[in-house]
Each structure stands twice: as structure tokens, then as C-alpha cells.
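**Student:** need a structure here:
(2 chains)
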Amino acid sequence: AQRVTQPEKLLSVFKGAPVELKCNYSYSGSPELFWYVQYSRQRLQLLLRHISRESIKGFTADLNKGETSFHLKKPFAQEEDSAMYYCALRREYGNKLVFGAGTILRVKS
Amino acid sequence: GAGVSQSPSNKVTEKGKDVELRCDPISGHTALYWYRQSLGQGLEFLIYFQGNSAPDKSGLPSDRFSAERTGGSVSTLTIQRTQQEDSAVYLCASSFGPTLYEQYFGPGTRLTVT
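**Tutor:** Below is the predicted model:
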């Protein structure tokens, strides 16, 4: 079975500080990893996926198969980054997403 | 273009009543998913449709839960004899295909069972 762990329920940082949202997974195959974001009163939306290898809104995430991690990073947090962030996994050739519990990011001014 | 839509946005029902939740996927999307977002369980998968067929129903929590999809488009999630533990936000998502494609989420239906 696949499992995604996000150890922090809440992460609070000051504007301009670096941010790292942690995500670890357990899956014996080759997973596809995602970060989804839900801003206040908005729907869940895809932020980035590991196969794209792109930076979205200044966020990056690298898949580390050795450590089974997919941490989300941003060098300088902005107030508009405040949201709920979910890490998710989809097994190879799979369909459903398996989500972590989510981390609330609060960026203080 | 139009995104995934869900109705109603909010539903309050009494314990023991049946409820129907509706999802309208993005036009042309063949894959449709239902998830549940609750305080204790986070975001959990319920069921997946490819066209009108449901090859994966593994997330449905009990036989009180059922879903159907007609015309390869609209889907309805039905909960019979609702219980208080069914209170949650029910999310629908659709994608162009099952694997590799991004899932687009609807706004959700907040179900409260009193």
C-alpha cells in the first residue's frame, strides 16, 4: 500500500524567510509525486509534479528516491503563499491520488 | 473554460436520510474521481470512473455509499442512511485520462449530518 506522510500540521514563517514543507512516502515501485495547494475559499489545485521538473510561483520540489522524500521548498516566502499544502502520490500506471494529511503554511508579515 | 462543478455546495441532512451529490466534470474528460476531505482522515480516495465504468471502488467506506456515472459525463454519489461520521467535504475531480494526466478538482460539497 502507498502512504504519504507530512509531519507538520502547521508551519509558520516570516515573509522573506525560506520555506520547506516536508513530504515522505512509502511505495515500493516508481511513484509519481505531486504538490497540491488550497488557498482560502478556493478549490484544490495542482502546484507542481515531479516529472515536470519546473518551478511554480518560486516553489521547487525534488524527488529523492533514496530518502523517499519530495520536500517543497521556496527560498523567500511571500504572504500570498499562505495556504494548505498537500503532498500526493500516484503509483506508476495508477489513477487515484494518495494524499498526505496536509500542512498549513502561514506567512507572517 | 468551465471547470469541474459540484452541487449542492452545502448540504445539511438528518441522520438516517439519503443524500445525492452531483459532479459535472470538464467536458471531454473521461476519468472522474470522488474524494472525501474530513478533519480526522484528511483527503481520501473514494471511487474512480473511466467512462461510465468504475474499475476502482476500493475507497468506498461502506455499502451505504454508491456512485454512478452516465453518458460519460455527470456523476452522482449517493449516501444512504447517513451517519454523523459521513460529515465531510466531498470533492470531485476529472482528468483527460487516468494515468499521466492532471486531475482538476471541483469546489466540493460540504455535507453535515445532524
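**Student:** which element, helix or strand, includes the residue sitting nearest the centre point of chain B?
**Tutor:** Centroid-nearest residue in chain B, with C-alpha atoms, centre = their mean: residue B:34, separated by 3.4 Å. Assigned by DSSP states H and E, residue B:34 belongs to strand B:31-38.
**Student:** quick check: buried residues in that strand?
**Tutor:** Neighbour counts over strand B:31-38 (16 or more other C-beta atoms under 10 Å in any protein chain shown) mark B:31-37 as buried. (C-beta placed from N, C-alpha, C; glycine too.)
**Student:** nearest spatial neighbour of the residue nearest to the centre of chain B, skipping sequence neighbours?
**Tutor:** Computed as C-beta to C-beta, 6 or more residues apart in numbering or on different chains, the closest residue to residue B:34 that is not its neighbour in sequence is residue B:46, at 4.2 Å.
**Student:** can you tell me which helices and strands the helix or strand hosting the one you found packs against?
**Tutor:** Element membership for residue B:46, per DSSP H and E: strand B:42-50. On a contact count with 3 or more C-beta pairs under 8 Å, 6 or more residues apart in numbering or on different chains; DSSP states H and E, strand B:42-50 meets strand A:98-99, strand B:31-38, strand B:53-56, strand B:65-69, strand B:75-79.
**Student:** okay if I get those as CSV plus distance to residue A:86 and mean pLDDT?
**Tutor:** Shown next, in CSV, are those (distance: least, C-beta to C-beta, whole Å; pLDDT from 0 to 100):
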stretch, distance to residue A:86, mean pLDDT
strand A:98-99, 5, 96
strand B:31-38, 10, 96
strand B:53-56, 20, 93
strand B:65-69, 22, 98
strand B:75-79, 21, 98
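**Student:** returning to that earlier point: what's the average pLDDT for the strand holding residue B:46?
**Tutor:** Averaging pLDDT along strand B:42-50 gives 94.
**Student:** who touches it?
**Tutor:** Strand B:42-50 has contacts (C-beta atoms under 8 Å, 6 or more residues apart in numbering or on different chains) with A:86, A:88, A:95-102, B:30-38, B:54-61, B:65, B:67, B:69, B:75, B:77, B:90-91, B:98.
**Student:** figure out how far it is from the centre of its chain.
**Tutor:** Distance of strand B:42-50 from its chain centroid, counting by C-alpha atoms, centre = their mean, to the nearest Å, is 7 Å.
**Student:** picking up where we left off before, which among the contacts of strand B:42-50 count as buried?
**Tutor:** When the contacts of strand B:42-50 are checked for burial by 16+ other C-beta under 10 Å, the buried set is A:86, A:88, A:95-102, B:30-37, B:54, B:56, B:59-60, B:65, B:67, B:69, B:75, B:77, B:90-91, B:98.
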